[in-house]
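Asks: Build me a model from this:
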Amino acid sequence: MFQITEEMEARWRRDDKPKATEADIARIEDEIGSTLPAPYIEFATRYGFVIFGRDPEQRCFFDCTFTFPDREEIREGDISHFMNADRILLAYDSLTQPEVEVDDEFPKFPADYLPIGMDAGQGEILLEMGEHSGRVWYWPFNEWAWGFEDNTRLGFVAEDLYGFINGLRPAFHLSTTIRKEAEVRSLQFHPATIGTNPS
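Replies: Numbers count the residues shown, from 1 in each chain. Sure thing, here's the model as predicted:
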């Protein structure tokens, strides 16, 4: 089940973004030719196409794992909002299909991944729709088509949308760390002020 904080749910109520309808779900499923995972349907119909933050200070963060032949790298990603049905279908069509027969810019990722949300830039939060339907992945923006140059890997985030939502961290965890580091640097640059009174 989803573990939504009172603060987050209250913000979503204030934003009053639309919730997914049965028609929205049916339209997406018809377009992609696959059934949407139950956790996604539950979230989209209960909470809606929500905003996680309008600016860098209000985003939510998550960890994602990129697997290489010799190592794994854990990186931090962020989510700004979930897209509505129209935006999902537009993104799916434009990002998973080549524009011409030989295209070095599109598709951006395989067609069995459905973009459902965006980070604060142009990266996408993806739902896997293939053999392991429902898993959540992160695609950081890349100018190259999938399989070209360094656009060859997705970052694994969670086994399902429950794990994704429940694992999100508010932005203050990052800003607090940065603020504390800045305070330490300030003290280091002004050692004479420590433990003294101004004259």
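Asks: so Glu31 is in which element?
Replies: Applying DSSP states H and E as the criterion places Glu31 in helix 22-32.
Asks: contacts for that helix?
Replies: 35-36, 41, 44-45, 84-85, 88-89, 92-93, 114, 129 (C-beta atoms under 8 Å, 6 or more residues apart in numbering). C-beta coordinates here come from the backbone N, C-alpha and C atoms, glycine included.
Asks: Got the confidence number for Ser186?
Replies: pLDDT recorded at Ser186 is 38.
Asks: Oh, that last question was meant for Asp104, not what I typed.
Replies: At Asp104, pLDDT is 87.
Asks: Am I right that it sits in a strand?
Replies: No: according to DSSP: H, G, I helix; E, B strand; the rest coil, Asp104 belongs to no strand; its state is coil.
Asks: Surely it and Trp146 touch.
Replies: No: using C-beta atoms under 8 Å, Asp104 is not in contact with Trp146, being 10.5 Å away.
Asks: Buried residues, the helix holding Glu31. List them.
Replies: Residues of helix 22-32 classed as buried by neighbour count (16 or more other C-beta atoms under 10 Å): 24-25, 27-28, 32.
Asks: What residues of the helix or strand just after that helix count as buried?
Replies: Next helix or strand after helix 22-32 toward the C-terminus (DSSP H and E): helix 38-46. By neighbour count on 16+ other C-beta under 10 Å, the buried set for helix 38-46 is 39-41, 43-44.
Asks: who does helix 38-46 touch, helix- and strand-wise?
Replies: Counting contacts by 3 or more C-beta pairs under 8 Å, 6 or more residues apart in numbering; DSSP states H and E, helix 38-46 packs against helix 22-32, helix 161-166.
Asks: can you rerun that using 10 Å?
Replies: helix 22-32, strand 81-82, strand 113-118, helix 161-166 (3 or more C-beta pairs under 10 Å, 6 or more residues apart in numbering; DSSP states H and E).
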